[in-house]
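Engineer: Turn this into a model:
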Amino acid sequence: MRESAVARKMLTDTEPQEHATFYKDLLDSLPEGVIVADKDLNIISVNEPSETILNISRRKTIGNHISKFLPEEITTLCSRAVKEERVVQENDLLFRISRNSSINVECTVSPIHGSDGRMNGLVIQIRNTEKMNMMSIISRNCSLEENYETLVRGLAHEIRNPLSGIKGAAQLLNGTLSKTEKNRCSKIIIKETERLRDLVDRLVKPSSVSTQHLMSVDINEILIDIIFLESNLHKNIKFKHKLDITIPPIPGDYNSLKQVFINIIQNAVSSIKDKGQITVSTKWVTDYKIRNKHTVLISVKDNGTGIQKKDLKKIFTPFFSSKRKGTGLGLFISSQVIAKYGGIITAESEEGTGSEFKIQLPAS
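Structural biologist: Numbering: from 1, shown residues only. Next up is the predicted model:
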């Protein structure tokens, strides 16, 4: 069967002929199986690990419906991804590769959206979890000390920010504040205490992480709280904010999103050695979409020391930090949270001039 017209158009539009070999080699070099299908679930591309993991032929699958080669559970996942236009995942699927042989796999199905925001295909990622579990056991046995250190560093980073907020608000209460400002500090202490309690609950019961319910989060409210606290703690820095009052709420977890903006704003603070300025702005973006939704753009711009060009591409990598006492987890965690809610985070910087972090999140 020949490829569908849609499949051919997707390949023509997204991969110039001169780059086709490069993209094929790139997909083949990945350790996991990757299958690309159009929105009608006809297979467009199959990488080499897919052939190995699933015992299928790339040549025979192209142009056919995925149900002919993949189990019903994966076909159902793909149908859900098309219908709901979101990433769906199943962690424990039994895949029968022959009459007497089967393997456990993890499958993630991600929609492909074009520049116009419309969904025109799917990426199906398949991992052999039996192999992954074996590697995990080996890793635990070989580097228990390293894993323990990683865990401690992660917990320290997660706990430090709420504690800093509580300490900062408590310090301000000892100063000469108006009644309104004192009430505000009290509310910040209560909120940060609740964040710590939420963190402890998630440590005691890890399954609660996956069952977090989404709620409508007012991004401006989060930013105003952070700016109020940081501007009072750092008198050498001028904080400016340009907050668009028309932006809609963001569907997400309040504490996770607050953690993101605390990380970014505190990074901006630490980049200013003497006097400086930080500008925080929000904007309702309607001229293009992410995942077929209009977005809210949040910008945090400083005139601090900036980031070296060689480091800029590493800043979202776990445990990378240019700070002497940095954990290297702040921006990594932030990027993971933003990705979880279907958003994008980017950074622009020039050494000696300053940096600007931009976050785009799909709105309600």
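Engineer: residue contacts, residue 308?
Structural biologist: 322, 351 (C-beta atoms under 8 Å, 6 or more residues apart in numbering). All C-beta spots, glycine's among them, are computed from the backbone N, C-alpha and C.
Engineer: which stretches of the stretch 51-200 of the chain form helices?
Structural biologist: 58-61, 72-84, 129-142, 144-173, 179-204 (DSSP state H, counting those that start in this stretch).
Engineer: Is residue 231 located within a helix, as I assumed?
Structural biologist: Yes. Under DSSP: H, G, I helix; E, B strand; the rest coil, residue 231 sits within a helix.
Engineer: So it is in contact with residue 239, correct?
Structural biologist: Yes. Residue 231 lies in contact with residue 239 (C-beta atoms under 8 Å); the separation is 4.2 Å.
Engineer: how about the strands of the stretch 201-350 of the chain, start to end?
Structural biologist: 215-217, 237-242, 250-252, 276-290, 293-302, 344-350 (DSSP state E, counting those that start in this stretch).
Engineer: Which strands or helices does the first one pack on?
Structural biologist: Identification of packing neighbours for strand 215-217 by 3 or more C-beta pairs under 8 Å, 6 or more residues apart in numbering; DSSP states H and E yields strand 250-252, helix 254-270.
Engineer: Give me the buried positions along stretch 217-232.
Structural biologist: 217, 219-220, 222-223, 225-232 (16 or more other C-beta atoms under 10 Å).
Engineer: right, and the pair among the residues you listed with maximum separation?
Structural biologist: 217 and 232 (23.6 Å; C-beta to C-beta).
Engineer: What count of nearby residues applies to residue 178?
Structural biologist: Number of residues near residue 178 (other C-beta atoms under 10 Å) recorded here: 8.
Engineer: How about residue 277?
Structural biologist: Residues lying near residue 277 (other C-beta under 10 Å) number 15.
Engineer: For it, list the residues it contacts.
Structural biologist: Neighbours of residue 277 in contact, by C-beta under 8 Å, 6+ apart: 237-240, 302-303.
Engineer: Switch those residues over to TSV; also include distance to residue 127, neighbour count and pLDDT.
Structural biologist: Putting the contacts of residue 277 into TSV (distance: C-beta to C-beta, whole Å; neighbours: other C-beta atoms under 10 Å; pLDDT from 0 to 100) gives the following:
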residue	distance to residue 127	neighbour count	pLDDT
237	45	19	93
238	49	14	94
239	45	18	94
240	46	12	94
302	40	26	96
303	44	19	94
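Engineer: worst-scoring helix or strand of this protein, pLDDT-wise?
Structural biologist: Scoring the helices and strands of the chain by mean pLDDT, DSSP states H and E places helix 129-142 at the bottom, with a mean of 46.
Engineer: returning to what we had before: could I get the strands of the stretch 201-350 of the chain as CSV with distance to residue 73?
Structural biologist: Rendered in CSV, the data for those read as follows (distance: least, C-beta to C-beta, whole Å):
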stretch, distance to residue 73
strand 215-217, 31
strand 237-242, 48
strand 250-252, 27
strand 276-290, 29
strand 293-302, 28
strand 344-350, 30
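Engineer: one step back: quick one: the helices and strands packed on strand 215-217 as TSV, columns for mean pLDDT and distance to residue 127 too.
Structural biologist: Formatted as TSV, these follow (pLDDT from 0 to 100; distance: least, C-beta to C-beta, whole Å):
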stretch	mean pLDDT	distance to residue 127
strand 250-252	87	27
helix 254-270	89	25
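Engineer: Now distance to residue 355 too, for those, in JSON lines please.
Structural biologist: Below are the helices and strands packed on strand 215-217 laid out as JSON lines (distance: least, C-beta to C-beta, whole Å):
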{"stretch": "strand 250-252", "distance to residue 355": "23"}
{"stretch": "helix 254-270", "distance to residue 355": "7"}
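Engineer: Number of residues surrounding residue 299?
Structural biologist: 16.
Engineer: Skipping adjacent residues, who's closest to it in space?
Structural biologist: Of all residues not flanking residue 299 in the chain, residue 281 sits nearest, at 4.8 Å (C-beta to C-beta, 6 or more residues apart in numbering).
Engineer: same check, this time on residue 92
Structural biologist: In space, and not counting its chain neighbours, residue 92 is closest to residue 104: 6.1 Å by C-beta to C-beta, 6+ apart.
Engineer: Surely that neighbour is in contact with residue 90?
Structural biologist: No. Residue 104 lies out of contact with residue 90 (C-beta under 8 Å); the separation is 10.8 Å.
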